[in-house]
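Participant: Quick one: sequence plus predicted model below, questions after.
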Amino acid sequence: MGGILFTVFIIFLVLKLTHVIDWSWWWVASPLWVSVLIVPVLILLLIFGVLSSATILAMLGRWFFFRSWRRG
């Protein structure tokens, strides 16, 4: 994915320097900073997914434990 974003950045850069687009430099460089932001977002999603799945598994484990305990 980094290669695609870098290619898009080069295209934006060439278009900006040849005055085809009149964008802010922030938008021209956006493929670079977007690629930097993707990694922390993926890490946070992974952490959230692991924590939520662990919570769900713990709840299911308690439910099955109490259900089997009530049966006697």
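Facilitator: It's in.

Participant: make it CA atoms for all contacts and neighbour counts henceforth
Facilitator: Noted.

Participant: per-residue pLDDT, R70?
Facilitator: In this model, R70 is scored at 59, pLDDT.

Participant: OK, contacts around the residue nearest to L5 when sequence neighbours are not counted?
Facilitator: The shortest distance from L5 to any non-neighbouring residue, by Cα to Cα, 6 or more residues apart in numbering, is to P31 (5.2 Å). By Cα atoms under 8 Å, 6 or more residues apart in numbering, the contact list for P31 reads L5, F6, V8, F9.

Participant: any idea which element P31 lies in?
Facilitator: Using DSSP states H and E, P31 maps to helix 30-71.

Participant: Tell me the gap between that helix and the middle of its chain.
Facilitator: Averaging C-alpha positions (Cα atoms, centre = their mean, to the nearest Å) puts helix 30-71 14 Å from its chain's average.

Participant: The host helix or strand of F6: what's the following helix or strand?
Facilitator: Taking DSSP H and E as the definition, one finds F6 inside helix 2-17. Once helix 2-17 ends, the next helix or strand along the chain (criterion: DSSP H and E) is helix 25-28.
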